[in-house]
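J.: Need coordinates for the below:
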Amino acid sequence: MSKLPSAAAGTPIDVVWLKKDVRLHDHGPLLSIAQSNRQCIILYLYEPDQLSEKTVHGSHVAFVNEGLVDLDLRLSSGNSEPTATNSDIEGDIYEHKFQCITVCHAGAAFTLRSIHKQRPINQILCHMESSHLKSFARDKAVRRWCRHEQIPIREMNQTGVTRCLSDRDDFTTNFNKFLGQPIHATPTKTQLDWLRARLVKIEGDGIELHGRCHSPKKPSDMQEIASEFRCDRVQRQYGGETKAMEYFRSFLSSRGANYSTGISSPNSSWTTGSRLSPYLTWGHISLRHVIVTTKQKQEELRAAKKKAPSTPSPWLRSLASFQSRMHWRSHFIQKLESQPSLEKQDQCLAFSHLRRQPDDFNEKYFEAWCQGRTGFPFVDACMRSLIHTGWLNFRMRAMLVSFATYNLWLDWKKIACHLARLFLDYEPGIHYPQLQMQAGTTGINAMRVYNVTKQGKDQDPSGVFIKKYVPELATVPDEYIHEPHKMPASLQKKCGVVIGDGKGGNEKKSKGIFQTQQSTTILSTKECICYPSPIVDEKITAKSAKDKLSAVRKKDSTKREAEQVYLKHGSRRTNGDRDGAKPKALNSASKRIKVDNAQQSLMKSWSQSQNGGASNEKQEQAKLPAGQTSDCSDVKLLHSTENPVSASSVSKSPLITSLFSKQNNANKHAEQKEWNCKACTFLNDKPLGLVCTMCGSVRA
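T.: Prediction:
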């Protein structure tokens, strides 16, 4: 071991600035100082400007605190591998005294400046962060100060996202290069012992830092967070690298086998899902470690399959789907990195006026949605699940946004902060692009309006999830669990629940039995528990919203603007019949025709034209999904109900030819079962699908 470096006041030191990367494995900055001989500080900051962000919740801070304690324990003990003993401090983290990490409640530039005045900084090592606008502003201020003081700052990549990406087509190449780089080794016990010996002792070395925290700071003591949001969620996941590794190991060893089939249901996704999202968000596990380790598991499974090809296993399909989502994650973060303004404005500005007229925002609807009191049991169960646990599977999150932005006609910007506070895994780079995609304001994605009642029946047919989180409906028969407002008043009385005004779907209200209630107010009578009737008509509100968005999408000005959005954020690879051309976002309907709706009629027309079908025969009409319209002549050809066209004219349409070319190509590769979207990299599990179920792009 080398001789300890001088602790003299003028001796330069290195600073590792921890942000959303509180872990020991695959951590370039920590490995760098572990291999160095220079004195150093490992710094974490509760930054007032970041805590004041409206998306912050006490559960986020508590999760981070658990990660800080876990890392500090490993550094102080020299334990390079996470073990179960590291999590024994659960429930007592605020008694922990930091031994190796210097924690302050102060701004980044202010603290670094203070350190530099007392001990010159040789270099700052950290990870690049792609987050909200306040984070961007903070990083710019720090870099500006570093340039002024001529201090090198090394921001290492941990997500595969490229800063200042000049061409969107380079994203995949850069991402693959990132994955191909060796994972940073975890420091050995010897290296950690040497690192501890070189840590600057703040008080002992005469350094004074404002806001120094010797123990984790409780969210309840952070004045920057609004008082109503300083609480925790008692049923959330526990933070820290040790817990992250436990989840990952159990996923690869057992839970992940049914990932692809179980991830859509809120009942099964709790166990079949990886549950790594909060650990990835806060940096308690490395994305590259997850992808590379999963790839190794896939190779092992393929080798085993060669030895026993007749043995069926869901593993390979499930892990392929999981890997797709890991790539998809960075794909979306890149969008925000390339255009930080997505946090505040619509990706396609042509939609900026929608949902923002004087009478558009309904405060009662918003409050009912936030509280899980909309009268739609599946929606309410999903919202209450988030309130209790901070987690929900992706499909149900998308459904909540769809219901809010279409059925309730709420502005995505109005609901963004509420959802961010609910999501323990709140990742701005995913949050804002996804909100806009689900709200239909990107200009380049399909309109995605979820039928929430159908979703409930599909994903929770017996109402198990509903009854868990909406206990008012625990006694409601399965027949009515998804539409309890249709229960007769007599059955409501028998079940001990009042739905809306208690009149029931088929019977008149009996005098003196039920009390009237407001639909969004939780009330109870001596005999019954109350649950609201639906606050809107699902079908009418969905149609109205789709009509409004369709009217904007059809405009030539919208199509031109959508072209620019596509150029900035879409993939423009040369693929087969696309011939390198940009798909017209613009011809949105033609880009997103769903074959499962139009395929039969088109197939018949195609068959007739190929066989010289008689022109006098009754014409087959193919309709687009409701709400998807376009000025494209090809789409009008398909969509017209007033002037049926001949099979031969259909067969000559470039659009139809393209569609059947794609379908024939899909049929040839049906054995593959899955295909990757070239636009968003998502792995689709419908072998004959012509459009991506994630982003709506046409299959290339």
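J.: ok now do Lys54, which residues does it touch?
T.: Lys54 makes contacts with Ala226, Cys417, Ala420, as judged by Cβ atoms under 8 Å, 6 or more residues apart in numbering. C-beta coordinates here come from the backbone N, C-alpha and C atoms, glycine included.
J.: Give me the pLDDT for it.
T.: Note on Lys54: pLDDT of 97.
J.: Surely it is within a strand?
T.: No: under DSSP: H, G, I helix; E, B strand; the rest coil, Lys54 sits outside any strand and is assigned coil.
J.: Tell me how far it lies from Tyr426.
T.: 12 Å (Cβ to Cβ, to the nearest Å).
J.: Give me the common contacts of those two.
T.: When contacts are counted by Cβ under 8 Å, 6+ apart, Lys54 and Tyr426 are jointly contacted by Ala420.
J.: Nearest residue to Thr111 in space, ignoring adjacent ones along the chain?
T.: Counting by Cβ to Cβ, 6 or more residues apart in numbering, Thr111 lies nearest to Cys104, which is 5.5 Å off, once chain neighbours are set aside.
J.: ah, wrong one, I meant Phe376
T.: Val452 is the one closest to Phe376 (Cβ to Cβ, 6+ apart), at 5.3 Å.
J.: surely the one you found meets Pro377?
T.: No: between Val452 and Pro377 there is no contact under Cβ atoms under 8 Å: 9.2 Å.
J.: who's more crowded, the two?
T.: Counted by other Cβ atoms under 10 Å, Val452 and Pro377 do not tie: Pro377 has more neighbours, with 30 against 26.
J.: what sits against the more buried one?
T.: Here Pro377 is in contact with Gly456, Gly463, Ile466, Val470, Leu473, Ile481, His482, Pro484 (Cβ under 8 Å, 6+ apart).
J.: Just the buried residues of those.
T.: For the contacts of Pro377, a burial check counting by 16 or more other Cβ atoms under 10 Å picks out Gly456, Gly463, Ile466, Val470, Leu473, Ile481, His482, Pro484.
J.: if we can go back for a sec, show me the contacts for the residue nearest to Phe376.
T.: Contact analysis of Val452 by Cβ under 8 Å, 6+ apart lists Phe376, Phe378, Val379, Met399, Ser402, Phe403, Asn407, Glu538.
J.: any idea which of those residues is closest to Pro187?
T.: Each of those was checked against Pro187 using Cβ to Cβ; the closest is Met399, at 43.9 Å.
J.: In this structure Trp409 contacts Asp360, no?
T.: Yes: in this structure, Trp409 is within contact of Asp360 by Cβ under 8 Å, at 5.9 Å.
J.: More neighbours: which of the two?
T.: Between Trp409 and Asp360, counting by other Cβ under 10 Å, Trp409 is the more crowded of the two (20 against 13).
J.: show me the contacts for the more buried one.
T.: Trp409 is in contact with Arg355, Asp360, Asn362, Tyr365, Thr541, Ser544, Ala545, counting by Cβ under 8 Å, 6+ apart.
J.: Columns secondary structure on top of those residues, output as TSV?
T.: Converted to TSV, the contacts of Trp409 look like this (three-state DSSP):
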residue	secondary structure
Arg355	coil
Asp360	coil
Asn362	coil
Tyr365	helix
Thr541	helix
Ser544	helix
Ala545	helix
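J.: Now those residues in JSON lines, please, with extra columns for pLDDT and distance to Glu299.
T.: Shown next, in JSON lines, are those (pLDDT from 0 to 100; distance: Cβ to Cβ, whole Å):
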{"residue": "Arg355", "pLDDT": "97", "distance to Glu299": "48"}
{"residue": "Asp360", "pLDDT": "96", "distance to Glu299": "53"}
{"residue": "Asn362", "pLDDT": "97", "distance to Glu299": "53"}
{"residue": "Tyr365", "pLDDT": "98", "distance to Glu299": "50"}
{"residue": "Thr541", "pLDDT": "98", "distance to Glu299": "49"}
{"residue": "Ser544", "pLDDT": "97", "distance to Glu299": "51"}
{"residue": "Ala545", "pLDDT": "97", "distance to Glu299": "46"}
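J.: Could you point out which of those is nearest to Ala108?
T.: Nearest to Ala108 among the contacts of Trp409, with distances taken as Cβ to Cβ, is Arg355, at 35.7 Å.
J.: For the closest residue to that closest one other than its chain neighbours, give its distance to Lys548.
T.: Nearest non-adjacent residue to Arg355, counting by Cβ to Cβ, 6+ apart: Asp411, 4.2 Å away. Distance, Asp411 to Lys548, by Cβ to Cβ: 13 Å.
J.: for Asp425, same thing?
T.: Shown here: Asp425 relative to Lys548, a distance of 32 Å by Cβ to Cβ.
J.: same thing with His214?
T.: To Lys548, His214 is 56 Å away according to Cβ to Cβ.
J.: Which of these two has more residues huddled nearby?
T.: Using other Cβ under 10 Å as the criterion, His214 and Lys548 rank with Lys548 on top: 18 against 12.
J.: Would you mind confirming that the residue nearest to Arg355 is in contact with Asn362?
T.: No: assessed by Cβ under 8 Å, Asp411 is found out of contact with Asn362, at 10.8 Å.
J.: Which of these two has more residues huddled nearby?
T.: Ranked by neighbour count (other Cβ under 10 Å), Asp411 and Asn362 place Asp411 first, with 18 against 15.
J.: and the most centrally placed residue in the chain, what does it touch?
T.: Central residue of the chain (Cα atoms, centre = their mean): Ile430, 4.8 Å from the mean position. By Cβ under 8 Å, 6+ apart, the contact list for Ile430 reads Arg329, Phe332, Ile333.
J.: pLDDT score assigned to Ile207?
T.: Listed pLDDT for Ile207 reads 89.
J.: give the contact list for it.
T.: Residues near Ile207 by Cβ under 8 Å, 6+ apart: Ile115, Gln118, Arg119, Val200.
J.: among those residues, which two are most distant?
T.: Gln118 and Val200 (9.8 Å).
J.: circling back: could I get the contacts of Pro377 as JSON lines with distance to Leu349?
T.: Output for the contacts of Pro377, formatted as JSON lines (distance: Cβ to Cβ, whole Å):
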{"residue": "Gly456", "distance to Leu349": "35"}
{"residue": "Gly463", "distance to Leu349": "42"}
{"residue": "Ile466", "distance to Leu349": "39"}
{"residue": "Val470", "distance to Leu349": "39"}
{"residue": "Leu473", "distance to Leu349": "42"}
{"residue": "Ile481", "distance to Leu349": "42"}
{"residue": "His482", "distance to Leu349": "38"}
{"residue": "Pro484", "distance to Leu349": "41"}
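J.: Verify the stated contact: Leu558 with Thr441.
T.: Let me fix one detail, which is that residue 558 is Thr and not Leu. No: using Cβ under 8 Å, Thr558 makes no contact with Thr441, being 10.8 Å away.
J.: Give the residues shared as contacts by these two.
T.: Both Thr558 and Thr441 are contacted by Cys348, Phe351, under the criterion Cβ under 8 Å, 6+ apart.
J.: just to revisit the earlier point, quick check: pLDDT value at the residue nearest to Phe376.
T.: With respect to pLDDT, Val452 scores 97.
J.: One more: Gly576?
T.: For Gly576, pLDDT reads 37.
J.: what does Leu638 give?
T.: Model confidence at Leu638 (pLDDT) stands at 31.
J.: do the same with Ala581
T.: 36.
J.: re the thing from before, how near is the residue nearest to Arg355 to Cys417?
T.: 12 Å.
J.: what do you get for Cys348?
T.: Following Cβ to Cβ, the distance that separates Cys348 from Cys417 is 22 Å.
J.: Of the two, give the one with the bigger neighbour count.
T.: Neighbours of Cys348 and Cys417, each counted by other Cβ under 10 Å, are more numerous for Cys348; the result is 25 against 17.
J.: Not counting its neighbours along the chain, what's nearest the more buried one?
T.: Counting by Cβ to Cβ, 6+ apart, Cys348 lies nearest to Gly443, which is 2.9 Å off, once chain neighbours are set aside.
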